[in-house]
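Engineer: Predicted structure and sequence below. I'll ask about it afterward.
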Amino acid sequence: MTAARIRLWELPIRIFHWSLAAAVLSAIASGLTGGNWMIWHQRLGLVAVGRPAFRLVWGFAGPTHARFSSFWPTPGKVAAYLRGAWRGIGHNPLAALSVLALLGTVAFQASRGLLANDDIAFNGPFYALIDKATNDAATGWHRTAVNVLYLLVARQVAAIAFHARIKRQNLIRPMITGWHEGQGAQPTCGGSRHTLAFSLALALLVVYAASGTWLPAPVTPATSPTMDW
Amino acid sequence: MLHRFKQGLAVSILLAVSGSVLAQQLPQLKPEEATRYRKAGYAFANRNMLKIKAMLDGSLPYNKDQVLAAATVINSTVNSGMGALYLPGTEKDIGSEKTRLKPEFFTQPDKVKEVAGACRTAGSKLATAAASSNQAQVRVAFDDMGKAGKGCHDAFRKD
């Protein structure tokens, strides 16, 4: 008997997953490094901010195992999982909590970053729209909430290690190849080209909006020519 | 297969485009910031004047390097283009950013030019004196710097 395998993660979801991981980790690294890397920190933040928008559409209209409805972590499901009675594939109820927390935290971090300033040489794209006190508050949240990202990244690595060592289950390979080895599970379906086009368009729109390039060029009131000192 | 390739291509294009969009970072200056920066500049110059004063009156031992560092800060500040920080309208408090600039500042450009020029000249003379490590010369330059500051305060600072 040959082992059955089913399509678990569609290509867009896999690209979403790895690009989000890359964007978040490199945004953290560039932010911690500072200096000229702050230019990249902003770019990576803008890359990251499009991802929750894309995932939101995919969560409602995407393929089976990417839909929030298929993995929404109700208390009952979490309890069942903890008893060892959960028999699904894809995101288990605990992982689902992590997915939602990660999407929320990325959106929170990116939105605060847009308003932030570092009192050195970085101003977020929306810095000029608010006063300095609000600006500083957003910066404070941005610097504090990165700890939530650390926790979520650590949880993810721990979960992968737990599944690999204790449950003898490779979580990384399906996220690269898209295949789930095993029988009896429902293969993924859904996620039309239209959904893909719409989600990509929305993500681009969010990134464009966040970039602030559409804002009218700020006008600094002119000083008189006699003020050239 | 082709379908999946197209999906992948579309997502990759999204990645590339979203990475290349970057907000323009113009060196904009809000009126509130203009006030904050000029106050910060003069406040730090004030701190450095106090340092030189302490070394001249003996409360602190005279240290040539520290006097030079302090004089350099003062000279650099008053010669750094402070004029650009007096945006129209910044004679008023903006939000929590208070100012004591008199409205006359914007109606007497000749007087402004005069006191600003005196301040800049005094700054460079102070730096030159500090570099010479001639205490008597520093004392004279310090006196001039103080008077230049007072010249501007008397004319354009609210009491």
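Structural biologist: Thanks, I have the structure now.

Engineer: Walking through chain A, point out its helices one by one.
Structural biologist: Here chain A has its helices, by DSSP state H, at A:11-33, A:37-61, A:68-71, A:75-83, A:93-115, A:132-165, A:172-177, A:193-211.

Engineer: meant to ask about chain B
Structural biologist: B:2-20, B:31-56, B:64-78, B:109-132, B:135-156.

Engineer: still on that earlier bit, for the helices of chain A, which one sits closest to B:Asn134?
Structural biologist: helix A:132-165 (43.0 Å; CB to CB). C-beta coordinates here come from the backbone N, C-alpha and C atoms, glycine included.

Engineer: Could you dump the helices of chain A into a markdown table and include mean pLDDT?
Structural biologist: Listed next are the helices of chain A as a markdown table, based on pLDDT from 0 to 100:
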| stretch | mean pLDDT |
| --- | --- |
| helix A:11-33 | 96 |
| helix A:37-61 | 95 |
| helix A:68-71 | 94 |
| helix A:75-83 | 94 |
| helix A:93-115 | 96 |
| helix A:132-165 | 96 |
| helix A:172-177 | 94 |
| helix A:193-211 | 95 |
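
Engineer: what's the closest of these to B:Glu104?
Structural biologist: Set against B:Glu104 and scored by CB to CB, the helices of chain A come closest in helix A:132-165, at 27.4 Å.

Engineer: and that closest one, is it in reach of chain B?
Structural biologist: Yes. Legend: contact between helix A:132-165 and chain B by CB under 8 Å from any CB of the partner chain is shown at A:Lys132, A:Ala133.

Engineer: swap in stretch A:49-63?
Structural biologist: Yes. On the criterion CB under 8 Å from any CB, stretch A:49-63 is in touch with chain B at A:Gly50, A:Phe54.

Engineer: coming back round to it: in a markdown table: the helices of chain B, plus mean neighbour count and distance to A:Pro218.
Structural biologist: Below are those laid out as a markdown table (neighbours: other CB atoms under 10 Å in any protein chain shown; distance: least, CB to CB, whole Å):
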| stretch | mean neighbour count | distance to A:Pro218 |
| --- | --- | --- |
| helix B:2-20 | 15 | 22 |
| helix B:31-56 | 18 | 11 |
| helix B:64-78 | 20 | 25 |
| helix B:109-132 | 19 | 25 |
| helix B:135-156 | 17 | 27 |
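
Engineer: check contacts around the residue nearest to A:Trp9 when sequence neighbours are not counted.
Structural biologist: Excluding its sequence neighbours, the residue lying closest to A:Trp9 (CB to CB, 6 or more residues apart in numbering or on different chains) is A:Gly178, at 4.8 Å. Shown in contact with A:Gly178 (CB atoms under 8 Å, 6 or more residues apart in numbering or on different chains): A:Arg7, A:Leu8, A:Trp9, A:Glu10, A:Leu11, A:Arg14.

Engineer: What sits closest to the second one if chain neighbours are left out?
Structural biologist: Translated: A:Leu8. Using CB to CB, 6+ apart, the nearest residue to A:Leu8 is A:His180, at 3.6 Å.

Engineer: Okay, the spatially most central residue of chain B and A:Val206: tell me how far apart.
Structural biologist: With distances taken as CA atoms, centre = their mean, B:Gly41 lies nearest the centre of chain B, 3.5 Å away. Using CB to CB, to the nearest Å, B:Gly41 is found at 39 Å from A:Val206.

Engineer: From the structure, what's the count of residues near the residue nearest to A:Leu8?
Structural biologist: 19 (other CB atoms under 10 Å in any protein chain shown).

Engineer: so it sits right up against A:Ala4, yeah?
Structural biologist: No. Applying CB atoms under 8 Å as the test, A:His180 and A:Ala4 come out as separate, 9.4 Å apart.

Engineer: Enumerate every residue touching the residue lying farthest from the centre of chain A.
Structural biologist: Relative to the centre of chain A, the most outlying C-alpha is that of A:Thr226, 51.3 Å out, by CA atoms, centre = their mean. Contact analysis of A:Thr226 by CB under 8 Å, 6+ apart lists B:Pro109, B:Asp110, B:Val112, B:Lys113.
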